[in-house]
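Asker: sharing a model that was predicted from the sequence below.
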Amino acid sequence: MRLKLVACSSPAALASPDAMHLIDTHTHLDFPEFDADRAALLTRSRALGVERLVLLGVYQANWQRLWDQVQQEDGLYAAFGLHPVYLDQHQPEHLQELRDWLQRLADNPRLCAVGEIGLDYFLEQLDRTRQQQLLETQLKLAIEFELPALLHVRRAHAATIATLKRFKPARGGIIHAFAGSLEEAREYLKLGFKLGLGGAPTWPQALHLRKVVAQLPLESIVLETDAPDMAPVMFAGQRNSPEHLPAICSALAELRGIPAEELALASTRNACELFRWPI
């Protein structure tokens with residue numbers, strides 16, 4: 001079946017038929033690293049075909065700032081969550097505040113997901129029991145408000161998969177910066193999740209990840225930057241940016257042995273399907 005992307009494209013993109021049409025499904029454009037040139041960066045990104053960006057909240061103190069920025073520009077969408085890495089900053093009342101935000105914005109098309117949430121077993125100082133409780137409560141919110149869940153999973157795939165099997169969130173979501181095995185990828189796909197790919201697989205030393213990425217079903221992939229973090233090898237040592245997404249797309253397409261336009265089309269279609277944006 002021939003894929004169509006017209007309704008998910010901006011007027012500017014339609015005027016440039018040779019440009020890739022891309023969605024950055026994971027960025028932290030609200031972070032202070034972008035305060036000096038955020039507007040110019042967005043202009044450059046759109047000129048390169050990055051038409052929509054999802055900004056993810058990570059702790060209660062940045063939700064209002066993130067929401068204010070999302071409302072200032074077309075093509076920006078918000079997700080709100082309590083990230084496991086900031087575990088010590090989260091207070092019990094923040095979960096009720098998160099629910100209040102989701103309730104208040106339930107009919108707003110700029111709200112697209114619950115996130116960034118998840119489990120991080122790489123940082124040993126983070127209490128795993130508290131992380132698990134936090135994840136489960138936020139998954140319940142994703143289910144209640146019928147939103148996708150955008151998950152941070154670091155060295156915690158088994159625990160995350162087991163949790164998702166228990167809760168079975170109907171809208172699925174995205175496993176951000178996926179770096180698991182092919183078997184783990186298959187488990188996530190059966191649970192209705194897409195796999196977020198960004199700068200990490202562009203690094204030649206990421207041998208296992210590159211092998212997995214080359215074998216993933218095309219319908220499983222969404223593209224992301226995680227800007228300002230996780231810069232691709234082409235921009236090593238630099239601040240990562242949504243404007244790097246076309247280069248990431250090209251590098252991953254080369255890894256898979258397909259044209260960059262094919263990967264761009266598929267990843268954008270997958271993101272639109274997940275967020276229920278028109279295709």
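Answerer: Now that the structure is in, tell me what you want to look at.

Asker: please enumerate the strands of the stretch 1-150 of the chain.
Answerer: 22-27, 50-56, 76-80, 111-120, 149-154 (DSSP state E, counting those that start in this stretch).

Asker: make CSV out of these and add distance to E187, mean neighbour count and mean pLDDT.
Answerer: Where C-beta positions appear, they are placed from N, C-alpha and C, glycine not excepted. Shown next, in CSV, are those (distance: least, Cβ to Cβ, whole Å; neighbours: other Cβ atoms under 10 Å; pLDDT from 0 to 100):
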stretch, distance to E187, mean neighbour count, mean pLDDT
strand 22-27, 20, 29, 98
strand 50-56, 23, 26, 98
strand 76-80, 23, 24, 98
strand 111-120, 15, 26, 98
strand 149-154, 12, 26, 98
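
Asker: P278 is nearest to which of the ones you listed?
Answerer: strand 50-56 (11.8 Å; Cβ to Cβ).

Asker: quick one: the closest one to strand 22-27, angle?
Answerer: 10 degrees (axes from the mean of the first three to the mean of the last three Cα atoms, to 10 degrees).

Asker: name the helices or strands packed onto strand 50-56?
Answerer: strand 22-27, helix 63-72, strand 76-80, strand 111-120 (3 or more Cβ pairs under 8 Å, 6 or more residues apart in numbering; DSSP states H and E).

Asker: out of the ones you listed, which is closest to I248?
Answerer: strand 22-27 (9.2 Å).

Asker: show me where the stretch 151-279 of the chain has strands.
Answerer: Using DSSP E, counting those that start in this stretch, strands in the stretch 151-279 of the chain cover 173-176, 193-197, 221-223.

Asker: mean pLDDT added to those strands, as TSV?
Answerer: Shown next, in TSV, are the strands of the stretch 151-279 of the chain (pLDDT from 0 to 100):
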stretch	mean pLDDT
strand 173-176	98
strand 193-197	98
strand 221-223	98
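
Asker: sorry, back to before: ok, which of the helices and strands packed on strand 50-56 comes nearest Y86?
Answerer: Y86 lies closest to strand 111-120 among these, at 9.7 Å (Cβ to Cβ).

Asker: the inter-axis angle of that closest one versus strand 76-80?
Answerer: Going by the same axes, to 10 degrees, strand 111-120 makes 50 degrees with strand 76-80.

Asker: residues near D35, how many?
Answerer: 8 (other Cβ atoms under 10 Å).

Asker: and the gap between it and A149?
Answerer: 29 Å (Cβ to Cβ, to the nearest Å).

Asker: how about W101?
Answerer: 15 Å.

Asker: and what of G196?
Answerer: 12 Å.

Asker: quick one: which of the strands of the stretch 1-150 of the chain is nearest T225?
Answerer: strand 22-27 (5.4 Å).

Asker: partner strands of the closest one, parallel or antiparallel?
Answerer: The strands that strand 22-27 pairs with in its sheet are strand 50-56 (parallel) (by DSSP bridges).

Asker: give the contact list for L195.
Answerer: Counting by Cβ atoms under 8 Å, 6 or more residues apart in numbering, L195 touches 174-175, 178, 185, 188-189, 216, 220-222.

Asker: in stretch 252-261, what counts as buried?
Answerer: 252-253, 255-256, 260 (16 or more other Cβ atoms under 10 Å).
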